[in-house]
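>>> Let me see the structure of the following:
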Amino acid sequence: MKGVRPKQQNSSVDEVIESDCVHYSSIEEWLRHCERHHLSSCCRQASKRTMETITVIDCRTSMLCEIQSRHPYIALSYLWGSDSLYEPSVQGRLPRQLPKTIADSMTVALALNIPYLWIDRYCINQEDSREKARIIRHMDQIYRDAYLTIIASAGESPTHGLPGVENTPRQSLESNRIVVGPYVFCPPGDVSSNIRRSMWNTRGWTYQEGLLSRRRLVFTESGVYFQCLDMVCLE
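Residues are numbered from 1 along each chain as shown. Next comes the predicted model:
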C-alpha cells in the first residue's frame with residue numbers, strides 16, 4: 001500500500017497522494033536488497049556463456065555499442081507491434097522518434113543508473129538474417145544475464161508507454177484511498193490480475209522473456225511491481 005504522512009500534525013487528510021509517477025527510490029531499494037541478500041539465487045551468474053559480448057543501447061548517447069555480456073544491462077520485454085511504428089537506426093544511432101515504450105524504458109534505465117539497455121528491435125540487425133537467427137538462438141542467455149528486465153505489460157502496442165514515466169499517465173487510484181487518522185493510504189489494486197489479463201501475457205515470446213529473467217520490473221496501468229527469484233514488492 002502507498003501511504004503518506006501529512007507534513008504538519010494538523011494537515012488536512014485531503015492532501016493529494018503522489019501516486020502518478022514512478023518512485024525510483026523504492027525500486028533502487030528493492031534492487032539493493034536483492035543484491036545484498038540473494039547471493040545464491042538472483043546474483044548467481046550463468047556458468048557457461050556462448051555470447052561474450054552483446055550489442056546494447058547506451059541511453060546516455062542513444063547510440064548502439066558493444067559491451068561484455070557480464071556487464072550490467074537492462075533488457076526490455078514488450079509488444080513489438082507493427083514494423084511501420086519504427087524508424088531504422090542510422091550508423092548506430094537511434095532515430096529521433098521512438099515508440100513511447102522504448103523512450104520511457106531508456107528514461108527508466110538512466111534513472112536507475114544502468115545506462116545500457118537491450119531491445120531486440122534495435123540491438124538485433126533486422127537486415128541480417130544469419131545474425132538475427134544467431135541472436136534468437138541465444139535469447140535465453142540475454143534475458144537470464146540481464147541485471148533487470150523491464151516488462152511493459154500495460155497497453156497493446158509499443159506506443160502506449162510505461163505508466164508513471166515521463167508524461168505517460170497512470171490509472172488513478174484516488175477513488176480507492178483509505179483515511180486512517182492522520183494517514184492516507186491508496187491500495188495498488190489487483191496487480192497480479194492486471195498482468196494476467198494483459199496482452200503481454202498472451203504472447204509466447206514475452207512469456208519466455210519474463211520466465212527467464214532473474215529480476216522483473218513490471219509496469220501495469222496503475223503501478224510498478226517488482227519480482228526477483230526470492231521476493232515480490234509493490235510501490
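
>>> alpha carbons only for contacts and neighbour counts from here, please
Fine.

>>> Longest helix of the protein, counting residues only.
Determined from DSSP state H, the single longest helix within the chain is helix 24-37.

>>> What residues of the helix or strand that comes right after that helix count as buried?
With elements assigned by DSSP states H and E, the helix or strand that comes after helix 24-37 is strand 53-58. Neighbour-count burial for strand 53-58 flags 54, 55, 56, 57, 58 (criterion: 16 or more other Cα atoms under 10 Å).

>>> Also stretch 210-224?
Buried positions in stretch 210-224, judged by neighbour count with 16+ other Cα under 10 Å: 210, 212-224.

>>> Please identify which of the residues you listed is nearest to residue 112.
Nearest to residue 112 among these is residue 217, at 11.7 Å by Cα to Cα.

>>> element containing the closest one, please.
strand 215-219.

>>> Whatever helix or strand comes next after that strand relative to helix 24-37, how many degrees between them?
Using DSSP H and E, the helix or strand that follows strand 215-219 towards the C-terminus is strand 224-228. Relative orientation of strand 224-228 versus helix 24-37 (axes from the mean of the first three to the mean of the last three Cα atoms, to 10 degrees): 10 degrees.

>>> partners of strand 224-228, with directions?
The strands beside strand 224-228 in its sheet (DSSP bridges) come out as strand 215-219 (antiparallel), strand 232-234 (antiparallel).

>>> for the longest one, the distance to its chain's centre please.
The gap between the average C-alpha position of strand 215-219 and the chain average comes to 5 Å, counting by Cα atoms, centre = their mean, to the nearest Å.

>>> Give me the contacts around that strand.
Strand 215-219 is contacted from outside by 42, 147-154, 162-163, 210, 224-229, using Cα atoms under 8 Å, 6 or more residues apart in numbering.

>>> Using PyMOL, make a named selection holding only the buried ones among these.
Buried members of the contacts of strand 215-219, defined by 16+ other Cα under 10 Å, are picked up in PyMOL with:
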select buried, resi 42+147+148+149+150+151+152+153+154+162+163+210+224+225+226+227+228
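
>>> mind listing the strands for this structure?
Per DSSP state E, the chain carries strands over the ranges 2-4, 53-58, 63-68, 74-77, 116-118, 148-152, 178-180, 183-186, 215-219, 224-228, 232-234.

>>> Any chance of JSON lines for those, columns distance to residue 196 and mean pLDDT?
As requested, these are exported to JSON lines (distance: least, Cα to Cα, whole Å; pLDDT from 0 to 100):
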{"stretch": "strand 2-4", "distance to residue 196": "22", "mean pLDDT": "41"}
{"stretch": "strand 53-58", "distance to residue 196": "29", "mean pLDDT": "95"}
{"stretch": "strand 63-68", "distance to residue 196": "33", "mean pLDDT": "95"}
{"stretch": "strand 74-77", "distance to residue 196": "15", "mean pLDDT": "95"}
{"stretch": "strand 116-118", "distance to residue 196": "24", "mean pLDDT": "97"}
{"stretch": "strand 148-152", "distance to residue 196": "13", "mean pLDDT": "94"}
{"stretch": "strand 178-180", "distance to residue 196": "26", "mean pLDDT": "85"}
{"stretch": "strand 183-186", "distance to residue 196": "22", "mean pLDDT": "77"}
{"stretch": "strand 215-219", "distance to residue 196": "12", "mean pLDDT": "94"}
{"stretch": "strand 224-228", "distance to residue 196": "13", "mean pLDDT": "92"}
{"stretch": "strand 232-234", "distance to residue 196": "16", "mean pLDDT": "90"}
